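Colleague: sequence and predicted model, in that order:
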Amino acid sequence: MDLTNKRIFNYYKFNQSPYQKSVINFFTLLMLFLTAAVSAQHPVLPATNLGTSNVFDGFAGKPGFVYQGYAQLFQTRKLTGDHGQNLHSDLKINSLVQLNQFIYLTPLKVFGGNLSFTVLVPVVQLSSSNSTGSSPSVNPGALGDITQGTAVQWSGKKLFGKPFSHRAELAVTFPLGSYDENYAINASARIYTFSTYHTFTLMFSDKFSISSRNQFNYNTRILGELAKPGAFYNGNYSVDYAIVPGLRVAAVGYFLAQLNQDTYDGNSNYYQEQGISDTREKVFGYGAGVAYFAKSGTLIELKTFFETASKNRAEGYRPTLRILVPLNL
C-alpha cells in the first residue's frame, strides 16, 4: 500500500500540531486504488489507478453490463523523503485491496461513441507494523470510498490505419468509506476527488498492441480541515505480444507525479514555512505480466510491479490481478 513517507517521518519527528490532526488515512480510488497515507504535517494524495488496468484497457465489448474485479497487494520496501532519499524507517503499512467495478455500456450514442456509467466499490484489509517501536492502530472497517464515473467509449476506430479503441471519462470519488477518528488508519480519505482520464488501445497487428491511460485529478480540502493535497497526474502503460492465440505477455508500468504543492487554508507556501521544502509526490512502477483474452470476452490479467524513483512516498511491490467478465453474453 502506498504511504507518503515524508509524512511518516514528520509524524514521528513532531508531536501533533494544534492546527492539524495527525491521521493515517486509507484512500480508495477512481479506478482505482488504494493508499494508506500519513497526514501529519500536511496532507497526502488520495488513491488512484496505479497499475490496476493495463493490457487492452481501451477496449469495450458490446453494449450491456460488465463486471471487473481487481485484487492488489502492496508491500512496503522502503520510505523516501522529499529528495528521494531513503528515510530508513521500520514502519510498514501494507494492504490487500479488492475493488469491485460495475459498468453499464449503453447503446446511446454521444459524440460518436457509446455512453457508459461505472461504479467502483473497494474493500480493503490493512495492517501496520514497526519492528523498532509502536505501530499505528487500524480501523477494522473495510469499506473504501466509492467512485462514480461517466464515460464515452469509441470502439472499432482506426488510427494510422490500425484498429484503435479509446475511452474518456469523468469521475468523482465520494468520502463514504469507513472512518473513525479513534483509529490512526482508516478506509476513507475524507476527501472529494474529481478525475478525468483518456485511455486507448492500438493494435499494430493481431499479435502486438500498446495501451495507455492518462489521468488528471483535483482534490478538495479534507473534510473538517483546512489542508488540501495538490493536483496530480497518473498514467498506466503496456506493450503486449501474443505468444499463442488469446494469451499475451506484457511489459507494464505506471507513473504518478504531483503537479503542485499542498496548501493549507489556501496558502501554497504554508508547508514550506513549516520547514517542509517540497510536498509533491512521485513514483514510477515497472513490471511484467500475462493476459488471457477468451472468445467470450472474459479477460484475465496478472502482473507485478516494482517501484522506483519515488519521492515523499513508500516504495514497494504491487502484485495485481484483474478479471473482466461481460454479464450479458
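Modeller: Yep, it's here.
Colleague: output the contacting helices and strands for the host helix or strand of F200.
Modeller: In this assignment (DSSP states H and E), F200 forms part of strand 193-203. On a contact count with 3 or more CB pairs under 8 Å, 6 or more residues apart in numbering; DSSP states H and E, strand 193-203 meets strand 162-174, strand 208-219. Yep, even glycine has a C-beta here, placed from its N, CA and C like the rest.
Colleague: turn those strands into JSON lines, including mean neighbour count and mean pLDDT.
Modeller: Formatted as JSON lines, those follow (neighbours: other CB atoms under 10 Å; pLDDT from 0 to 100):
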{"stretch": "strand 162-174", "mean neighbour count": "19", "mean pLDDT": "98"}
{"stretch": "strand 208-219", "mean neighbour count": "20", "mean pLDDT": "98"}
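Colleague: now tabulate the ones you listed in TSV and tack on distance to N130.
Modeller: As requested, these are exported to TSV (distance: least, CB to CB, whole Å):
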stretch	distance to N130
strand 162-174	29
strand 208-219	28
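Colleague: what's the closest of these to L50?
Modeller: Minimum separation from L50 across the helices and strands packed on strand 193-203 (CB to CB) falls at strand 208-219, 10.3 Å.
Colleague: how far off centre is that closest one?
Modeller: 11 Å (CA atoms, centre = their mean, to the nearest Å).
Colleague: ok, that strand: who's next to it in the sheet?
Modeller: Its sheet considered, strand 208-219 pairs with strand 193-203 (antiparallel), strand 232-244 (antiparallel) by DSSP bridges.
Colleague: mind giving me the packing neighbours of the following helix or strand past it?
Modeller: Counting by DSSP H and E, the next helix or strand C-terminal to strand 208-219 is strand 227-228. On a contact count with 3+ CB pairs under 8 Å, 6+ apart, strand 227-228 meets strand 263-264.
Colleague: for the strand it packs on, name the packing helices and strands.
Modeller: strand 227-228, helix 270-273.
Colleague: least confident of the ones you listed, on average?
Modeller: Set side by side, these give their lowest mean pLDDT on helix 270-273, at a mean of 92.
Colleague: give the next helix or strand downstream of it.
Modeller: strand 282-293.
Colleague: that following strand vs strand 232-244, what angle?
Modeller: Calculated by axes from the mean of the first three to the mean of the last three CA atoms, to 10 degrees, strand 282-293 forms an angle of 30 degrees with strand 232-244.
Colleague: give me the low-pLDDT residue ranges for this structure?
Modeller: 1-42, 329 (pLDDT under 70).
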